[in-house]
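1. Here's a sequence, model it:
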Amino acid sequence: MSRGLSSATVDILSSNSFITCELVEFELDTPIYLTNAQFDIATETGTSGGTQTYIAQGSFMNYSGVREIDEVRINNVNVNFSGATNTYINIALNDDFLHRSFRIYKTYLNAADMTELVDPVLIYDGVITGSSVEESPGESLVTFQTANEFYDFERTTGRKTNDGSQQRFYPGDKGMAYSTIAINDIRWGRNS
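-> Presented below is the predicted three-dimensional model:
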């Protein structure tokens, strides 16, 4: 079953004369378009409207977790940038990326001349839910966590981070008693 793939894409998949690469879109205030190919790719995708150039990241960008399942579940994808530049580190340290759209497309290229054979196929559509930065003397690694549209599906409806909501679900618990007070310094694990 082709699952909505065009007949041209199905024909390409049944041949041996293609290579694949992924196109990644971060919908930030200034959108970022990247590819894991070794060269830039100019193409049209469903969201960019017109031709968009995806900047080559080669082996410096990878992702994990895209899989097809037959049940409604949260699908998480982590996008990693090794040898990360200040651009990605600054984005990760700034909270403006949270809950922004993130998409991955797969495109098929002619193995002989690297031209695009068909329109890219959307393989993942989600939102950015977090980030992390790991630095060492030899390398910087920036990771963006993403999740599909079901990422808050298991959240308890009506729960809030205040004392009233906490008392409703857990009477007598003081865990949120001071949630509305700004505290400058919390001394965890110390007596003074």
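
2. Three-state assignment for the residue lying closest to Gly175 once chain neighbours are set aside, please.
-> What sits nearest to Gly175 in space, not counting adjacent residues and going by CB to CB, 6 or more residues apart in numbering, is Gln166, at 5.9 Å. To be clear about C-beta, it is placed using only N, CA and C from the backbone, and glycine gets the same treatment. Using DSSP: H, G, I helix; E, B strand; the rest coil, the structure places Gln166 in helix.

3. Could you check how far Gln166 is from Asp173?
-> Counting by CB to CB, to the nearest Å, the gap from Gln166 to Asp173 is 6 Å.

4. Then Asn62?
-> Asn62 is 43 Å from Asp173, by CB to CB.

5. quick one, which of those two is more surrounded?
-> Ranked by neighbour count (other CB atoms under 10 Å), Asn62 and Asp173 place Asn62 first, with 14 against 11.

6. and Phe97, backbone torsions?
-> Backbone torsions of Phe97, given as degrees, to the nearest 10, read phi -90, psi -20.

7. contacting residues around it?
-> Taking CB atoms under 8 Å, 6 or more residues apart in numbering, we find Phe97 in contact with Phe26, Leu28, Ile91, Ile128, Ser131, Phe144.

8. now do 6 Å
-> Contacts for Phe97 (CB atoms under 6 Å, 6 or more residues apart in numbering) come out as Leu28, Ile91, Ile128.

9. and the second one, how many residues sit next to it?
-> I take that to be Ile91. Ile91 has 21 neighbours, counted by other CB under 10 Å.

10. Could you count how many residues lie near Thr143?
-> Thr143 has 19 nearby residues by other CB under 10 Å.

11. Which strand residues bridge it?
-> Here Thr143 shows beta-bridge partners Asn80, Ser132, assigned using DSSP bridges.

12. which residues does it contact?
-> By CB under 6 Å, 6+ apart, the residues touching Thr143 are Asn78, Asn80, Ser132.

13. pLDDT on the helix or strand hosting the first one, on average?
-> Asn78 is located in strand 76-82, with elements delineated by DSSP states H and E. Strand 76-82 shows a mean pLDDT of 85.

14. Please apply the same query to stretch 102-121.
-> For stretch 102-121, mean pLDDT rounds to 85.

15. try stretch 146-154
-> Averaged over stretch 146-154, pLDDT sits at 66.

16. Show me the domain layout of this protein.
-> 7-147, 156-192 (automatic domain parsing).

17. Most tightly packed of those domains?
-> Greatest average neighbour count among the domains of the chain goes to domain 7-147 (a mean of 15), per mean count of other CB atoms under 10 Å.

18. Tell me the span between the first and last residue of that one.
-> By CA to CA, to the nearest Å, the extent of domain 7-147 from end to end equals 30 Å.

19. swap in stretch 42-55?
-> With CA to CA applied, stretch 42-55 spans 9 Å between its terminal residues.

20. and that stretch, average pLDDT?
-> Averaged over stretch 42-55, pLDDT sits at 77.
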